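Asker: Okay, sequence plus prediction incoming.
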Amino acid sequence: KAFTIGAVIPMTTKDGKPDARGQYRSKAMVLAIDEINKNAGVDNKGFRLRICNTKSQWVDSTSQAHKLAAYLADEEGVQAILTGGSSDTMKIKTVTGPRNVLVMSVSATSIALTGLNDNGLVWRVAPSDRLQGLVLYDVIEMSMEDNNAPEDYRLAALVIDDPYGSSLAKVMSEQYAPSGPGSGDEPVPELKVYTLLADGSNLQYELKRADDYKPDALVIIAPAKVSADIVNNLKNYSNLGASKLFFSESSHNADFLSGIEDMSLLKEARGTLPGSPFGPAFDTFIGRYQSKFQADPSQQSFTAQSYDATYCLALAHAWASRKGGPSKIDGIAISEGLQRLSDQKATVHTLEPTQFSGMVSKLQGGKSINIEGASGKLDFDNATGEAPSAVEVWKVTGGQFAPVRWVDVVPDGAGGRTFKDTWAKN
């Protein structure tokens, strides 16, 4: 009997139209499953992927997420579920935790997940917003300086009211607080946050308030379609329309680009995206993805992470099924397996089909391994279940997303953080 991995992600919108997030990410999961099964799986047992559609419900989706997670655990017998963003992950955790089912998110970045009391059953391949927020702040500061903005420039933030938006807004607010890195005797920039309800009912009201603030820059932290609506409305608000534009990773989405009426508005815009999708592992992943699905995975956020997360769960099953291992493979056993994937003293293995059997052999032999995925290094913190990574800075050119640079946030030796470019496009 095959192992079954569940997934609870948005495959369509509420009205049945395809959702780019789930469409791209599910294909990455399918690609990983196909490669794993072609390499004999684990103990000659293959893997099945059971995908459940949340229908992109940003409003009142608790019951939907609960129902799907309970179905996968109780009816399908899955012991690990792949999830999407922070909101769904936190909702699903309340169902899976009591059942000892593990959750691994491909795109949840909320800082609220870091300190969860989850018995080791919540993991993620996306880094915390703590890192993205620091880089986003740095990108805005550098851009405003390059454009000779006043030192006390005004930044407006339009933020979706959910755990993801609140998390990233909190990190940004800390940077712009009087005690933040820009504080001192000299004039400092000011940040004002405008909260957008998930049902969109207060969008025009908050746009008017933000316009009245007369900002020099505008950062948008909202779902792709909401972000597109905001950009399309800028022509109606002269102050917002003249401000510099910045985005978080939620706008790095094909639905965002397809919803923009005038691409020239994005000419100077910059955004951030957690993850480090470059290098040989990412290049070969892109090639296999494009060959199978005739689509470019780099145009959708967290596609490489979806691929990596699926591989990680399969490898964790290998550890759990080793000789002398637990009599039953459940979420706890899979969690123990995930803790064996980031041994810094071990030889690095990349998550790709040619190396899968070798990794399985080592894990089933009781040895830990050190993995690197299509999304970059996966040095999991076993205490928090999350893997830090570089953050991509992106722009839009020719109607497509393009990387500008990748930034590592590293300790500065004095208790703070500094930024180190790992790659920059000339």
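Answerer: Ah, there it is.

Asker: Now do stretch 195-204: distance from first to last residue.
Answerer: Here the two ends of stretch 195-204 are set 12 Å apart, with distance taken as CA to CA, to the nearest Å.

Asker: and it, average pLDDT?
Answerer: Mean pLDDT, stretch 195-204: 93.

Asker: And stretch 87-105, by the same measure?
Answerer: 94.

Asker: again with stretch 149-165
Answerer: On average, stretch 149-165 scores 94.

Asker: So what are the sheet partners of the biggest strand by length in the chain and their directions?
Answerer: The residue-count maximum for a strand in the chain (DSSP state E) belongs to strand 400-411. Using DSSP bridges, strand 400-411 pairs in its sheet with strand 391-397 (antiparallel), strand 417-424 (antiparallel).

Asker: ok, of these, where does mean pLDDT dip lowest?
Answerer: For the strands paired with strand 400-411, where the average pLDDT is lowest is strand 417-424, sitting at a mean of 61.

Asker: All the helices of the stretch 151-300 of the chain, residue numbers only.
Answerer: Using DSSP state H, counting those that start in this stretch, the helices assigned to the stretch 151-300 of the chain run over residues 163-176, 203-212, 224-233, 238-241, 254-259, 280-293.

Asker: can you put those in JSON lines and add distance to Lys192 and mean neighbour count?
Answerer: Yep, even glycine has a C-beta here, placed from its N, CA and C like the rest. Converted to JSON lines, the helices of the stretch 151-300 of the chain look like this (distance: least, CB to CB, whole Å; neighbours: other CB atoms under 10 Å):
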{"stretch": "helix 163-176", "distance to Lys192": "9", "mean neighbour count": "22"}
{"stretch": "helix 203-212", "distance to Lys192": "8", "mean neighbour count": "16"}
{"stretch": "helix 224-233", "distance to Lys192": "15", "mean neighbour count": "21"}
{"stretch": "helix 238-241", "distance to Lys192": "12", "mean neighbour count": "17"}
{"stretch": "helix 254-259", "distance to Lys192": "23", "mean neighbour count": "19"}
{"stretch": "helix 280-293", "distance to Lys192": "37", "mean neighbour count": "16"}
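
Asker: is it possible to export those to CSV including distance to Gln299?
Answerer: Formatted as CSV, the helices of the stretch 151-300 of the chain follow (distance: least, CB to CB, whole Å):
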stretch, distance to Gln299
helix 163-176, 21
helix 203-212, 26
helix 224-233, 12
helix 238-241, 26
helix 254-259, 6
helix 280-293, 11
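
Asker: Please name whichever of those helices is nearest to Phe356.
Answerer: Closest approach to Phe356 among those (CB to CB): helix 280-293, 13.0 Å.

Asker: For the closest one, which helices and strands make contact with it?
Answerer: Counting contacts by 3 or more CB pairs under 8 Å, 6 or more residues apart in numbering; DSSP states H and E, the secondary-structure elements packed against helix 280-293 are helix 20-38, helix 303-320.

Asker: Okay, buried residues for the first one please.
Answerer: Same thing as helix 20-38. For helix 20-38, the neighbour count (16 or more other CB atoms under 10 Å) marks 20-36 as buried.

Asker: how many neighbours does Asp146 have?
Answerer: 8 (other CB atoms under 10 Å).

Asker: Can you tell me how far it is from Tyr137?
Answerer: 15 Å (CB to CB, to the nearest Å).

Asker: Could you do Gly331 as well?
Answerer: In terms of CB to CB, Gly331 sits 36 Å off from Tyr137.

Asker: Could you measure from the residue most central in space within the chain over to Gly275?
Answerer: In the chain, the residue lying closest to the centroid (CA atoms, centre = their mean) is Ser107, at 2.8 Å. Ser107 is 9 Å from Gly275, where distance means CB to CB.

Asker: which residues do those two both contact?
Answerer: The contact sets of Ser107 and Gly275 overlap at Ala126, Ser301, Phe302, Gln305 (CB atoms under 8 Å, 6 or more residues apart in numbering).

Asker: Low-confidence regions, the stretch 101-250 of the chain specifically.
Answerer: 178-186 (pLDDT under 70).

Asker: 80 instead?
Answerer: 177-187 (pLDDT under 80).

Asker: where do the strands sit along it?
Answerer: 102-105, 122-124, 154-160, 190-196, 217-221, 244-247 (DSSP state E, counting those that start in this stretch).

Asker: and the residue nearest to Gly120 when sequence neighbours are not counted, what helix or strand is that in?
Answerer: In this structure, Gly120 finds its nearest non-sequential neighbour in Ser335, 4.3 Å apart by CB to CB, 6 or more residues apart in numbering. Assigned by DSSP states H and E, Ser335 belongs to helix 331-338.

Asker: so what does that helix touch, helix or strand wise?
Answerer: Helix 331-338 packs on strand 102-105, helix 303-320, going by 3+ CB pairs under 8 Å, 6+ apart.

Asker: Quick one: name whatever helix or strand follows it.
Answerer: Note on helix 331-338: by DSSP H and E, the next helix or strand toward the C-terminus is strand 348-350.

Asker: contacts for that next one?
Answerer: So strand 348-350 is contacted by Pro280, Ala281, Gln355, Gly358, Met359, Ile369, Asn370, Ile371, Glu372, Gly373 (CB under 8 Å, 6+ apart).

Asker: Of the residues you listed, just the buried ones, ChimeraX syntax please.
Answerer: Listed next is the ChimeraX selection for buried residues among those, using 16+ other CB under 10 Å:
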select :281,355,359,369,370,371,372,373
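
Asker: Thank you, goodbye.
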